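Asks: Kindly generate the corresponding structure for this input.
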Amino acid sequence: MPSLSLLETDAGQLSSMIGFTSTLADNVSSKVRQLDIAKCRVNECLQRVEDILDLKFCTDGVQTALQNEDYEQAAAHIHRFLSLDETVLRHTASDAKEGGQLDTAFSMLHEATDKLMVLVRQEFDDAVQRADVASIERFFKIFPLLNLHDEGLEKFCAFLCSKVSQSSEVNLVSALATDPNDKRASVIFADTLTLLFEGIARVVEIHQPLVETYYGPGKMLPFMQYLQTECDAQAKKVIGEFRSHRQVEQMNTKIQQMASFKAASYPIEKLDPRELDVLLAEVTLLNARTELFFRFVKRRVQGDIDTAAQEEGKKHDLVMRLESLINRSELSCTMQQLLGNYISMEEYFMKESVAKAVSMDMLEEDCQTSSMVDDVFFIIKKSMRRALSSSNVDVVCAMLNHACVILETEYRDVLYTHLHAGFPSGLLDFQQAYSLLQSSLQQGKLSDSEKARVNFLVTLNNTAVSAEHLQTLKSSLQVEFQRQLLQVGEHDNAKLDSCLSDLGSMSGKFKAALEYGSSQIHNDAVKPRIKSWIEAFQYTSHDITEEAFANYEANDPFAQNLIINVDNLLQSFKSSLTASNYDQLVSRMTAEVTVQLEKAVLKSTFNRLGGLQFDKELRSLTGYLTTMTTWTIRDKFARLTQIATILNLERVGEILDYWGPNSGPLTWRLTPSEVRHVLSLRTDFRSEDIKRLKL
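Replies: The predicted structure is shown next:
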């Protein structure tokens, strides 16, 4: 109990001490707050005193500056006055009973402000009339000091636009007076538009520091809006003269009229595509320079936006205004209309040029392909590179689509029609006919059938080379897109990839035509001959004695004749076909030989020596055909090789050493029933032993 009493006493003392400390802390913090409030009021009082002193200083200073025509100094005093809170100062003066003096000061400063505004406007306009650039820039710097940012910017841009207009009109007059024989005559309007863009770019480069320094960040967008309006007006004049002098409307109308009639019944004279060549080049140059100018504008204004707008929302709004300024400008709309004309004219140029190349096709000496292959792809490359030079993704995609259609309808279909006519059969020496065609076609020494055969082979070569050219064209265009279209977004890249994919798929259509043509040769010239040559196998006995086996070794009755016949047939085609077509022919011929030979083998009978003889014949044939092509063809002999292996067995049960788990790396291409059938071809094997096999 005594200890609890002592604890109660100590707790009471501690509570009293804490209460005292709390009260003391409240008193101290209250006094600190009072001191802080007093300090703030003192600072406000000092600031108001300073403002009143500044007001009096501005009142005296502005009058002196105006008398001395020191407009910069007067504007600085006015700028300081305009930054003061007039309501607060009047309230302060009322409390200090000095309202009359401040009212006088305010009145004088308002009058000075109005007077200075009038003077600055008048002096600026006079400087513009005198074309005094130094004075113009001098008073341009004063406008923001009077809180006339927008007015100053508008007046200054109006002056700059007038200079741009004067320069552009002089350049256009000079362009119209250009001698048609001048080396720049074909691109004179593109040069004129370029001079306009360069002039505006020079204005921006010179005056952007001035605007940013005296008007602050965020003013480049309205600055460019004024200049872009003038640019639109002047560019429209240049492009209008271009359309008039280059007769764009007339040519486009003529193309549309011809498109509404069949090719054979044009009621008007056909437009020569060569007349469009120079015009199309200038259109793409006009657009390329326009795209370059727009990129310059974006780069300049975007930098100012990044500095002026820290909030993402505000920055996004400004960027959208910039995009709208460019995309909805009259220059952009005018160029879009011109590009629409360009696309239809370029399509006509490509279509008519390809049709002309096909109609003027000729075969030169020592060539496996005719002239239209190189001519057609030269035209397509030329048009695609010209479209690419416009720097417009939509134009490039449109021309890629047109190129695909033209390649299919005007070129691939022509090749397919020739191939569809079929390969004329007969026993002509094709190599001889091909040589005769090159030397004697114009003299008419070849028969129609001979010409048809050689023309078929040339068409087949044209088709194969065209399929390769398409892949090369796709790859080269892809590289050029990456090199020239640098500032392309994901959406535009997806469009380009899609159109390139369509171009690549065209190669598949040419390969399909090639496959059809190859099958025509195979069915008409190869298959009938192979079948007749293989029939000799059935008339050659393979149930032979050792004496006959030795005789066969010296005088092969089948394989050597077959190889000679096949070699003669291949040699007749070799110089007439491209390497890929020749390899395709050998591959098809090999497949046909194996199929026909397997049929013949399964109709024959063998003994042990006959099996050895067949194995030798097969090895000779495989070795020969392997040397005739760069393709791998041994797999085509897999079934025959396995048949030869079975026919060489000493006894029926020996097959189990090669079958099932004992086959090792060998994959059997023969089914168990086929194995039994091959074993039954051996006259010395009993059918009972063959039936007992567990395969």
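Asks: I'd guessed residue 165 sits against residue 232; true?
Replies: No. If you go by CB atoms under 8 Å, residue 165 and residue 232 don't touch, sitting 11.7 Å apart. All C-beta spots, glycine's among them, are computed from the backbone N, C-alpha and C.
Asks: which SSE is the closest residue to residue 690 other than its chain neighbours in?
Replies: Leaving aside its sequence neighbours, residue 690 sits nearest to residue 679 (CB to CB, 6 or more residues apart in numbering; 4.8 Å). Per DSSP states H and E: residue 679 is located in helix 672-680.
Asks: in that helix, what's buried?
Replies: By 16 or more other CB atoms under 10 Å, the buried positions in helix 672-680 come out as 674, 675, 676, 678, 679, 680.
Asks: Check stretch 612-620 too.
Replies: Neighbour-count burial for stretch 612-620, counted by 16+ other CB under 10 Å, picks out 612, 613, 614, 615, 616, 617, 618, 620.
Asks: next one: stretch 685-695
Replies: Buried residues in stretch 685-695, counted by 16+ other CB under 10 Å: 685, 690.
Asks: ends of it, how far apart?
Replies: End-to-end span of stretch 685-695 (CA to CA, to the nearest Å): 17 Å.
Asks: contact partners of it?
Replies: For stretch 685-695, contacts defined as CB atoms under 8 Å, 6 or more residues apart in numbering pick out 651, 652, 653, 655, 656, 659, 660, 672, 675, 676, 679, 680.
Asks: The second one: what's its closest spatial neighbour, skipping adjacent residues?
Replies: The shortest distance from residue 652 to any residue other than its chain neighbours is 4.2 Å, reached at residue 689 (CB to CB, 6+ apart).
Asks: cool, and the last one?
Replies: If you skip the residues right next to it in sequence, residue 680 has residue 690 as its closest partner in space, 5.9 Å away by CB to CB, 6+ apart.
Asks: Let me know the secondary structure of the one you found.
Replies: Following DSSP: H, G, I helix; E, B strand; the rest coil, the label given to residue 690 is helix.
Asks: confidence score at it?
Replies: In this model, residue 690 is scored at 85, pLDDT.
Asks: Worst mean pLDDT across the helices and strands of the chain, which element?
Replies: helix 430-440 (a mean of 48; mean pLDDT, DSSP states H and E).
Asks: next helix or strand past that one?
Replies: Following helix 430-440 in sequence, per DSSP H and E, is helix 448-484.
Asks: following that following helix, which helix or strand comes up?
Replies: Criterion used, DSSP H and E; the element after helix 448-484 is helix 490-521.
Asks: ok, back up a step: quick one: which of the contacts of stretch 685-695 has the lowest pLDDT value?
Replies: Across the contacts of stretch 685-695, the bottom pLDDT score, 76, is held by residue 660.
Asks: Please tell me how far that residue sits from residue 681.
Replies: From residue 660 across to residue 681, the span is 22 Å (CB to CB, to the nearest Å).
Asks: neighbour count winner among those two?
Replies: Shown here are residue 660 and residue 681; by other CB atoms under 10 Å, residue 681 has more neighbours (22 against 12).
Asks: Tell me who's in contact with that one.
Replies: Counted by CB under 8 Å, 6+ apart, residue 681 has contacts 601, 602, 604, 605, 606, 647.
Asks: Run through the residues that contact the last one.
Replies: When the contact criterion is CB under 8 Å, 6+ apart, the partners of residue 647 are 606, 610, 611, 614, 615, 678, 681, 682.
Asks: What are the contacting residues of stretch 538-549?
Replies: Contacts of stretch 538-549 (CB under 8 Å, 6+ apart): 552, 557-558, 600, 603-607, 609-614, 683.
Asks: re the thing from before, want to throw the contacts of residue 647 into a markdown table with pLDDT?
Replies: Formatted as a markdown table, the contacts of residue 647 follow (pLDDT from 0 to 100):
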| residue | pLDDT |
| --- | --- |
| 606 | 93 |
| 610 | 92 |
| 611 | 91 |
| 614 | 92 |
| 615 | 93 |
| 678 | 92 |
| 681 | 92 |
| 682 | 91 |
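Asks: Those in helices, which ones?
Replies: Per DSSP state H, helices hold the following members of the contacts of residue 647: 610, 611, 614, 615, 678.
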